[in-house]
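Asker: Structural data only, the sequence is not supplied:
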């Protein structure tokens, strides 16, 4: 399987920069998935959860409040305002979950979008 | 001897000051390192954001024969109303750091006044606020605490308000003035035009965007959102830059103060030794002359 580069960048630093198999993004027009070789695209991102599959098939979720994504053939760049990463090998997952929920709730998006994102975060929290 | 005592007291007081300034210098250098790190991290974000903004602006320019037709890019030749946002420190003791910014803002104010332009001042940082209040110049915003601890959310809330005024037509131009960080020993005054976006700075015509697809399928929505973020980010970065400069300026000022205190202690020590020697000599003369008279 082909890999592509993924970058997740916030004003406070780079959250992730590396190779991934695929990434799911919460676009403003609906969620969409990106694989390597995707057509060039720029999209707004809504409050939600970015889920990417690393090269070792492990999934990692990143809760975000809002931002943009630019997709190139071999590279996906997410520019977001705030992000909290949730990953299975994290020792203080509970704390990260709380942070993620707080981040999602602090946004100005519609209540339903926030509720959906929070529910997703909770679900991810259980799955680890 | 009263004189001796006095010099001794002075020496210990100067030594205390020296301790304080030295401690402040150390604190500033530690804080500077942290702020520098923060600036470095967020610079990546800035690069990517500018890149994206350039591409979208480019795409719109290509699509539209008249060039960029967007409220954020309108070219105002003769602005009637200008908002100046300036950043100073909340605290002093950092050499000419604050006064340089204040001077520059005052100069801008004069210039615009001469051209009959209405200027609103929005101040961030206690030192700037104090100065303009003392001189009875009206400030439309006074923000304390933000320049000492830049926070993306607070910064973006503040600048959004200013940007809204621009979109509503309450102001034609927004300028941010701050003293920026160059390196450990140099600060540089920066005057940045935030809105309208200076399209010459975006290096248009340098990227090809023919294949770019946009979602939502409305360039304006995306561009508006991007420009807003760009403005917010510029404000945030200015705050960090200013904070780094503040710490480096304070470090320098405190270093100079420590050195001066050292010099002073040296001089006072010499004066003290001289006075002591004098006292001893006088005493000796007294004893000798007493003995002579007894013969």
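Answerer: Okay, I see it. Just so it is clear, the model here is predicted, and its values are computed rather than measured.

Asker: Past the strand of greatest length in chain A, which element shows up next along the chain?
Answerer: As assigned by DSSP state E, the longest strand anywhere in chain A is strand A:13-27. Scanning forward in sequence from strand A:13-27 by DSSP states H and E, the next helix or strand is strand A:30-35.

Asker: Let me see the mean pLDDT of that following strand.
Answerer: What strand A:30-35 shows for mean pLDDT is 88.

Asker: Check stretch A:72-88 too.
Answerer: Stretch A:72-88 shows a mean pLDDT of 84.

Asker: Could I get the contacting residues of residue B:28?
Answerer: B:247-248, B:250-251, B:254 (C-beta atoms under 8 Å, 6 or more residues apart in numbering or on different chains). Every C-beta, even on glycine, is put in place using the N, C-alpha and C of the backbone.

Asker: picking up where we left off before, what comes into contact with the longest strand of chain A?
Answerer: By C-beta under 8 Å, 6+ apart, the list of residues contacting strand A:13-27 from outside reads A:1, A:3-9, A:31-35, A:43-55, A:57, A:60, A:62, A:64, A:69, A:76, A:78, A:83, A:85, A:117, B:41-42, B:44, B:215.

Asker: ok but residue B:48 is inside a strand, no?
Answerer: No: going by DSSP: H, G, I helix; E, B strand; the rest coil, the assignment for residue B:48 is helix, not a strand.

Asker: ok, it touching residue A:9?
Answerer: Yes: the criterion here is C-beta atoms under 8 Å, and residue B:48 meets it with residue A:9 at 5.7 Å.

Asker: Residue ranges in the stretch 151-295 of chain B under the pLDDT threshold?
Answerer: B:199-212, B:215-219 (pLDDT under 70).

Asker: Can you give me the neighbour number for residue A:38?
Answerer: Other residues near residue A:38 come to 18 when the count uses other C-beta atoms under 10 Å in any protein chain shown.

Asker: scratch that, residue B:114
Answerer: Neighbours around residue B:114, by other C-beta under 10 Å: 8.

Asker: repeat for residue A:1
Answerer: Counted with other C-beta under 10 Å, residue A:1 comes out at 9.

Asker: what residues are up against it?
Answerer: residue A:21.

Asker: Spatially nearest residue to residue A:125 (excluding sequence neighbours)?
Answerer: residue A:97 (4.7 Å; C-beta to C-beta, 6 or more residues apart in numbering or on different chains).

Asker: Do I have it right that that neighbour meets residue A:86?
Answerer: Yes: look at residue A:97 against residue A:86 with C-beta under 8 Å: they come within range, at 6.5 Å.

Asker: any residue of the strand or helix carrying residue B:255 up close to chain A?
Answerer: Using DSSP H and E, the element containing residue B:255 is helix B:219-294. Yes: contact of helix B:219-294 with chain A (C-beta under 8 Å from any C-beta of the partner chain) involves B:221-222, B:225-226, B:229, B:233, B:236.

Asker: ok, now which ones touch the closest residue to residue B:269 other than its chain neighbours?
Answerer: Excluding the flanking residues, the one nearest residue B:269 by C-beta to C-beta, 6+ apart is residue B:11, at 6.7 Å. Shown in contact with residue B:11 (C-beta under 8 Å, 6+ apart): B:265, B:268-269, B:272.

Asker: Drop anything exposed from these.
Answerer: B:265, B:268, B:272 (16 or more other C-beta atoms under 10 Å in any protein chain shown).

Asker: Would you mind measuring from the second one to chain A?
Answerer: Read it as residue B:268. Noted for residue B:268: a distance of 49 Å to chain A, by C-beta to the nearest C-beta, to the nearest Å.

Asker: ok, which stretches of the chain are helices?
Answerer: I went with chain A, as the question did not name one. Per DSSP state H, chain A carries helices over the ranges A:93-105, A:111-127.

Asker: Chain B, not that one
Answerer: B:2-63, B:97-114, B:126-134, B:152-167, B:219-294.

Asker: For the residue nearest the centre of chain A, give its distance to residue A:34.
Answerer: The centre of chain A sits closest to residue A:50, judged by C-alpha atoms, centre = their mean, with a distance of 1.9 Å. According to C-beta to C-beta, to the nearest Å, residue A:50 stands 10 Å off from residue A:34.

Asker: cool, and residue A:26?
Answerer: 12 Å.

Asker: Those two: which is more packed in?
Answerer: residue A:26 (25 against 19).

Asker: Name the nearest residue to that one, sequence neighbours excluded.
Answerer: Nearest to residue A:26 is residue A:48, by C-beta to C-beta, 6+ apart, at 2.8 Å.

Asker: mind listing what that neighbour touches?
Answerer: A:26, A:31, A:63-64, A:113, A:116-117, A:120.

Asker: and what of residue B:178?
Answerer: By C-beta under 8 Å, 6+ apart, the residues touching residue B:178 are B:86-87, B:101, B:189-190, B:238-239, B:241-242, B:245.

Asker: For the residue nearest to the centre of chain A, give me its contacts.
Answerer: A:8, A:23-26, A:61-64, A:78, A:83.

Asker: Also residue A:12?
Answerer: A:82, B:38, B:41-42, B:152.

Asker: May I ask which of these has the most neighbours?
Answerer: Highest neighbour count within these, by other C-beta under 10 Å: residue A:82, with 23 neighbours.

Asker: how about low-confidence regions in the stretch 1-150 of chain B?
Answerer: B:1-2, B:64-69.

Asker: Close to chain A: what parts of it are there?
Answerer: B:38, B:41-42, B:44-45, B:48-49, B:52, B:55-56.

Asker: Where does the record place the domain boundaries for chain B?
Answerer: B:2-23+B:255-294, B:25-253 (automatic domain parsing).

Asker: can you list those domains in JSON lines and add distance to residue A:106?
Answerer: Below are the domains of chain B laid out as JSON lines (distance: least, C-beta to C-beta, whole Å):
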{"stretch": "domain B:2-23+B:255-294", "distance to residue A:106": "38"}
{"stretch": "domain B:25-253", "distance to residue A:106": "8"}
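
Asker: Show me the one of those that comes nearest residue A:93.
Answerer: Within these, the stretch nearest residue A:93 is domain B:25-253; the backing value is 23.9 Å (C-beta to C-beta).
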